[in-house]
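> Got a sequence here, can you model it:
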Amino acid sequence: MPTEQGPTGDPSSEDSARISITFFRLFRVMRLVKLLSRGEGIRTLLWTFIKSFQALPYVALLIAMLFFIYAVIGMQVFGKIAMRDNTQINRNNNFQTFPQAVLLLFRCATGEAWQDIMLACLPGKRCDPDSDNNTEEFSCGSNFAIVYFITFYMLCAFLVNY
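Purely as a prediction, here's the structure:
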């Protein structure tokens, strides 16, 4: 089986050339360290950047808790709305299961048609025939949708921006 050989005919000469190039790249990093030791403003900026990353897990946990709480509330209040393909509450966007509710809330948090989803959750919507709500066909939805979606959108915008 033939082996690849470098320009000198030695199979390891290409590897040694690659190592020497990598070794010289270390000097470029040393220039950055030298620049940071001289510049007080850059050092302060880098220190602030590192410190801000320490708070990132807490913000992510707060956002996860917000999604969890709103998904559970959405499942209880809007989970019985019938899924219809020509509405915003369909097989891809609904509150019937927890993963679907979280996915729908993520869509609302990014600002994608959250107003239309809110309007689709207002009273007078058709109920899912498989749900335990057998009293009236058009009794699903709630006026609580307005408060629910506006507060969710505002809280998400606040947490992401600040």
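> May I see the buried residues of the helix or strand containing Phe53?
For Phe53, the host element (DSSP states H and E) is helix 40-54. Across helix 40-54, burial judged by 16 or more other C-beta atoms under 10 Å covers no residue at all. Heads up, the C-betas are built off the backbone N, CA and C, glycines and all.
> What lies in contact with whatever helix or strand comes next after that helix?
Next helix or strand after helix 40-54 toward the C-terminus (DSSP H and E): helix 56-78. Here helix 56-78 makes contact (C-beta atoms under 8 Å, 6 or more residues apart in numbering) with 89, 95-98, 101-102, 104-106, 109, 121, 140-142, 144-145, 148, 152, 155-156, 159-160.
> is it true that Cys127 touches Met83?
No: under the criterion of C-beta atoms under 8 Å, Cys127 makes no contact with Met83, lying 10.9 Å away.
> higher neighbour count, those two?
A direct count of neighbours by other C-beta atoms under 10 Å for Cys127 and Met83 places Cys127 higher, at 19 against 16.
> Quickly list what that one is bridged to.
With DSSP bridges as the criterion, Cys127 is bridged to Ile81.
> quick one: it and Ala82, what's the gap?
Cys127 sits 6 Å away from Ala82, taking C-beta to C-beta, to the nearest Å as the criterion.
> ok, now Arg107?
According to C-beta to C-beta, Arg107 and Ala82 sit 19 Å apart.
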